[in-house]
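Asks: after the sequence you'll find the predicted model.
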Amino acid sequence: MQTDILRKQIKELRNSLDKNAVIKYSKIITDKILALKEIENLNTFMIYKSFKNEVSTENLINLLLSLNKTVCYPATKGENMVAGLPLSNEFTISKLGVEEPKNYKTIDLIDCVIVPLIACDKNKNRIGFGKGYYDRFLKNRNTLKIGVCYDFQVVDEITPNEWDVPLDLIITEKQIIGD
């Protein structure tokens with residue numbers, strides 16, 4: 001299936017989820033992330049702030065902060081993305097329509113990146129929003145890359161482009177791919 005058609009279909013399905021399903025599935029996914037043995041010794045996380053029925057990251061962010069982990073957020077700089085450690089509680093809406101810290105310090109060493117996606121497959125390939133920000137950020141970076149999505153976003157096969165960076169794990173409410 002063509003990437004644009006798949007992206008549109010999955011976004012429509014995700015947008016049709018009711019808030020209770022988003023809350024329920026997001027809690028299950030958060031619990032699975034925190035139960036990973038790989039997470040125990042990691043300290044610095046980059047996590048997106050969810051919107052439009054994406055897997056909610058709010059509880060995960062709060063729980064990691066309560067465990068004294070460092071949490072930074074994706075921030076756009078031109079055509080690239082950086083990991084921004086907020087210097088205040090102020091966030092702004094980026095040109096892509098997502099929340100990012102208004103004032104931040106750039107962090108280079110990230111232990112784990114929680115990656116949003118539109119669709120993925122069992123080979124840990126992903127389709128994002130099509131702008132390549134995460135692929136450019138993750139390229140040549142030694143970090144644990146965890147994609148989070150709902151189970152219906154897992155498709156049979158995605159043909160990656162040469163610039164696509166595969167994930168290490170994908171976590172849905174029903175499965176962990178790559179474990």
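Replies: Structure's in. What do you need?

Asks: wait, doesn't Phe91 sit right on Lys49?
Replies: Yes - between Phe91 and Lys49 a contact is recorded at 7.0 Å, counting by CB atoms under 8 Å. Heads up, the C-betas are built off the backbone N, CA and C, glycines and all.

Asks: overlap in contacts, the two.
Replies: With contacts taken as CB atoms under 8 Å, 6 or more residues apart in numbering, Phe91 and Lys49 have 73, 99-100 as neighbours in common.

Asks: buried members of those residues into ChimeraX, please.
Replies: The ChimeraX selection below is limited to those of these classed as buried (16 or more other CB atoms under 10 Å):
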select :73,99,100
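
Asks: residue contacts, Lys11?
Replies: When contacts are counted by CB under 8 Å, 6+ apart, Lys11 touches 52, 118.

Asks: next one: it from Lys69, what distance?
Replies: Using CB to CB, to the nearest Å, Lys11 is found at 30 Å from Lys69.

Asks: and the closest residue to Tyr133 other than its chain neighbours, how many neighbours?
Replies: Leaving aside its sequence neighbours, Tyr133 sits nearest to Met81 (CB to CB, 6 or more residues apart in numbering; 4.3 Å). A total of 23 residues lie near Met81 under the criterion other CB atoms under 10 Å.

Asks: pretty sure Met81 contacts Ser94?
Replies: No - using CB under 8 Å, Met81 makes no contact with Ser94, being 9.5 Å away.

Asks: overlap in contacts of the two?
Replies: Here Met81 and Ser94 have Ala75 as joint contacts, going by CB under 8 Å, 6+ apart.

Asks: middle-most residue in the protein, spatially?
Replies: Compute the mean C-alpha point of the chain, and by CA atoms, centre = their mean the closest residue is Val115, 2.1 Å away.

Asks: quickly list what the nearest residue to that one once chain neighbours are set aside is bridged to.
Replies: Residue nearest to Val115 in three dimensions, not counting chain neighbours: Gly147, with 4.7 Å by CB to CB, 6+ apart. Under the criterion DSSP bridges, Gly147 forms beta bridges with Val115, Ile170.
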